[in-house]
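Undergrad: Mind looking at a prediction? Sequence and model below.
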Amino acid sequence: MRGLLALVLVGAAFGSREVVHSAPPMFSVVVLSAELRGTMSALWAENNRHWDELADQNTLTQLLGTGKPTQREYLGCLAGDVVRDTLFVRGLVPAAHLKQLQFAVAGSCDGVERLVGAFHTHPYRADSDGRALKERGLSAMDLRTFAARPDLVTLVMWDLDSLDAAAKAPDGGVRHPAPVAIR
């Protein structure tokens, strides 16, 4: 351990930007309160209130930005802690510098106390006939982004009754889907 500490101190003395990360804590379930789950549902509803106005839209029109934006993605920061084998999500804080688009969202969770991860919404998109299609669950891009971040958990909602989660394993790998309990 002293050798590792010495390497870190030497790296700091010479301006090294390498950061030593500890292994993510082991947990087997993510727990949200019913109240927090309700807040997430309300955020999904607010940001997708025009989901049923897709009749004259198609995905290409929406992706090109030439159609009317019927929905927006939302990004929130999850605060919580790990107790024994459970990750408790205890709060949801809006991301700073939030930039909401129809099929993308950006923001920062820097400075959020007890940060454990992120939550975002997926909007519906339109098929070629203008019918709403749901983006069910975390996308491949969502999982790649999560894998590159130090977050312990990431959650996505694509409808009022839906929630998908991925969690970091102790080896730093991604467990998907991760179990979520509402209590």
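TA: That came in fine, so what should we check first?

Undergrad: where do the strands sit along this protein?
TA: Using DSSP state E, the strands of the chain run over residues 29-32, 75-83, 86-94, 96-100, 105-108, 115-121, 125-126, 132-133, 153-157, 164-168, 174-175, 180-182.

Undergrad: Let's have the ones you listed in JSON lines, adding mean neighbour count and mean pLDDT.
TA: Using the backbone N, CA and C atoms, a C-beta is placed for each residue, glycine as well. What follows is those, written out as JSON lines (neighbours: other CB atoms under 10 Å; pLDDT from 0 to 100):
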{"stretch": "strand 29-32", "mean neighbour count": "21", "mean pLDDT": "98"}
{"stretch": "strand 75-83", "mean neighbour count": "20", "mean pLDDT": "97"}
{"stretch": "strand 86-94", "mean neighbour count": "18", "mean pLDDT": "97"}
{"stretch": "strand 96-100", "mean neighbour count": "14", "mean pLDDT": "84"}
{"stretch": "strand 105-108", "mean neighbour count": "16", "mean pLDDT": "86"}
{"stretch": "strand 115-121", "mean neighbour count": "24", "mean pLDDT": "96"}
{"stretch": "strand 125-126", "mean neighbour count": "22", "mean pLDDT": "68"}
{"stretch": "strand 132-133", "mean neighbour count": "14", "mean pLDDT": "75"}
{"stretch": "strand 153-157", "mean neighbour count": "24", "mean pLDDT": "96"}
{"stretch": "strand 164-168", "mean neighbour count": "23", "mean pLDDT": "98"}
{"stretch": "strand 174-175", "mean neighbour count": "14", "mean pLDDT": "97"}
{"stretch": "strand 180-182", "mean neighbour count": "13", "mean pLDDT": "97"}
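
Undergrad: My read is that M40 contacts S162, right?
TA: No - between M40 and S162 there is no contact under CB atoms under 8 Å: 10.1 Å.

Undergrad: hang on, the earlier thing: tell me which of the strands of the chain lies nearest to R144.
TA: Minimum separation from R144 across the strands of the chain (CB to CB) falls at strand 174-175, 9.1 Å.

Undergrad: just checking, what packs against the closest one?
TA: Strand 174-175 sits against helix 140-148, strand 164-168, with contacts defined as 3 or more CB pairs under 8 Å, 6 or more residues apart in numbering; DSSP states H and E.

Undergrad: re the thing from before, more crowded one of M40 and S162?
TA: M40 (22 against 14; other CB atoms under 10 Å).

Undergrad: Any idea which of the strands of the chain gets closest to H50?
TA: For H50, the closest of the strands of the chain is strand 132-133, at 10.6 Å, according to CB to CB.

Undergrad: ok, for A79, nearest residue in space, not its chain neighbours?
TA: In this structure, A79 finds its nearest non-sequential neighbour in G91, 4.0 Å apart by CB to CB, 6 or more residues apart in numbering.
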